[in-house]
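*Asks:* Predicted model and sequence below, questions to follow.
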Amino acid sequence: MHLSHSRAVFMMVLVTLMWSIAGVTTRHLESAHSFEITFWRSFFTVLSLLVILPLLQGRVVFTKIRHGGTALWLSGVCWAVMFTAYMLALSLSPVANVLVTMSIAPLLTALLARFAIGHRLPLRTWVAIAVAGAGIVVMYGTQLSSGGGTGQLVGTLIALCVPLASAVNWTVVQRSHAQGKDVDLVPSVLVGAVLSSLVTLPLALPLQATPHDLGLLAMLGSVQLAIPCILSVWCARVLKAPEVSLLQLLEVLFGITLAWLGANEAPGMVVLVGGTLVLGALVSNEALGWWQRRAVL
């Protein structure tokens with residue numbers, strides 16, 4: 001699937017919107033909690049991918065997994081960490097807390113891409129990262145000062161695993177393609193879902209999810225996770241790692257808004273101010289990049 005830069009940007013925005021429904025959805029579960037939520041979402045992701053990937057690539061997808069090499073399996077481990085840590089964090093902390101914590105991904109990705117791959121980032125991207133970082137500091141400071149207790153602190157620490165794994169994952173994807181290796185990392189999403197399911201199943205017992213819960217978690221496994229994760233890997237072949245992570249910050253704005261409207265988790269004014277800084281950084285970076293490419297043409 002060939003994507004232009006502009007289409008890749010648009011697709012990443014759509015991906016972040018699909019990702020952002022996790023928080024508000026989990027707030028409407030009846031009986032499933034913690035590891036069980038994580039297990040069922042990952043399990044339904046596996047089922048979805050077992051249908052989607054063969055349709056896209058045929059049975060050769062399973063051969064690619066067996067012979068994918070270190071890059072594919074490392075990416076799969078990163079996906080598993082993200083899948084697991086994200087849902088566990090949501091079960092312990094407010095949606096805004098988790099999403100703001102995840103927002104440090106661009107900073108971590110930029111550092112990894114700079115030292116591991118040697119990406120030379122344009123000044124506009126560094127400025128955007130700095131402005132987005134300021135917004136994150138504003139929002140994160142508010143969350144820490146709210147005094148949410150030990151559970152929220154643990155949730156925040158677990159949420160930190162998501163940007164760490166994300167930074168490693170996108171750097172692996174970019175490095176693989178930069179080296180010209182014909183390695184398809186799309187199946188790594190399936191590897192990650194399988195690993196997440198296997199790890200969380202023993203911890204999820206006894207299973208208590210109601211049919212209502214299973215319906216919502218099945219939706220998360222397919223619409224919120226399987227489909228957008230595949231799309232995001234395609235986008236990573238076109239966009240640079242820090243650029244992808246900047247676009248991922250939109251999930252913060254979408255997720256907080258949906259939790260506010262759909263679950264009555266209203267963010268404070270300071271969170272809204274910080275979110276505005278983040279969105280401004282994203283829009284400015286993409287607009288400047290678009291104008292520069294137009295000038296070259």
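*Replies:* Received it, and whenever you're ready, just let me know what you need.
*Asks:* Distance check, the residue nearest to Cys229 when sequence neighbours are not counted against Ser4.
*Replies:* Distances taken as Cβ to Cβ, 6 or more residues apart in numbering place Val189 nearest to Cys229, at 4.5 Å, with adjacent residues excluded. Just so you know, the C-beta spots here come from the backbone N, C-alpha and C atoms, and that holds for glycine as well. According to Cβ to Cβ, to the nearest Å, Val189 and Ser4 sit 23 Å apart.
*Asks:* These two: which has the busier surroundings?
*Replies:* Neighbour tally, Val189 and Ser4, criterion other Cβ atoms under 10 Å: the higher count belongs to Val189, 27 against 9.
*Asks:* got a list of what that one touches?
*Replies:* Neighbour list for Val189: Thr45, Leu49, Gly76, Trp79, Ala226, Cys229, Ile230, Val233 [criterion: Cβ atoms under 8 Å, 6 or more residues apart in numbering].
*Asks:* One more: Pro228?
*Replies:* Leu14, Val15, Thr16, Met18, Trp19.
*Asks:* chain center to the helix or strand hosting Ala22, what's the gap?
*Replies:* Element membership for Ala22 (DSSP states H and E) is helix 21-26. Here helix 21-26 shows a centroid-to-chain-centroid distance of 14 Å under the convention Cα atoms, centre = their mean, to the nearest Å.
*Asks:* which parts of the helix or strand following it are buried?
*Replies:* Per DSSP H and E, the first helix or strand lying C-terminal to helix 21-26 is helix 34-57. For helix 34-57, the neighbour count (16 or more other Cβ atoms under 10 Å) marks 35-46, 48-49, 52-53 as buried.
*Asks:* likewise stretch 113-133?
*Replies:* Ala113, Ile117, His119, Leu121, Arg124, Thr125, Ala128, Ile129, Val131, Ala132, Gly133.
*Asks:* mind saving the C-alpha coords of that stretch as CSV?
*Replies:* Provided in CSV are the C-alpha atoms of stretch 113-133 (Å, rounded to 0.1, in the frame of the first residue of the first chain):
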residue,chain,number,x,y,z
ALA,A,113,15.8,8.3,16.5
ARG,A,114,18.6,10.8,16.8
PHE,A,115,21.1,8.5,18.4
ALA,A,116,19.9,5.1,17.1
ILE,A,117,19.2,6.0,13.5
GLY,A,118,20.9,9.4,13.0
HIS,A,119,17.8,11.3,11.9
ARG,A,120,18.5,15.0,11.5
LEU,A,121,15.4,16.7,12.6
PRO,A,122,14.4,20.1,11.1
LEU,A,123,14.2,23.0,13.5
ARG,A,124,10.4,23.1,13.2
THR,A,125,10.2,19.6,14.6
TRP,A,126,12.4,20.4,17.5
VAL,A,127,10.3,23.6,18.2
ALA,A,128,7.1,21.5,18.0
ILE,A,129,8.5,19.0,20.4
ALA,A,130,9.5,21.7,22.8
VAL,A,131,6.0,23.4,22.7
ALA,A,132,4.3,20.0,23.0
GLY,A,133,6.5,19.3,25.9
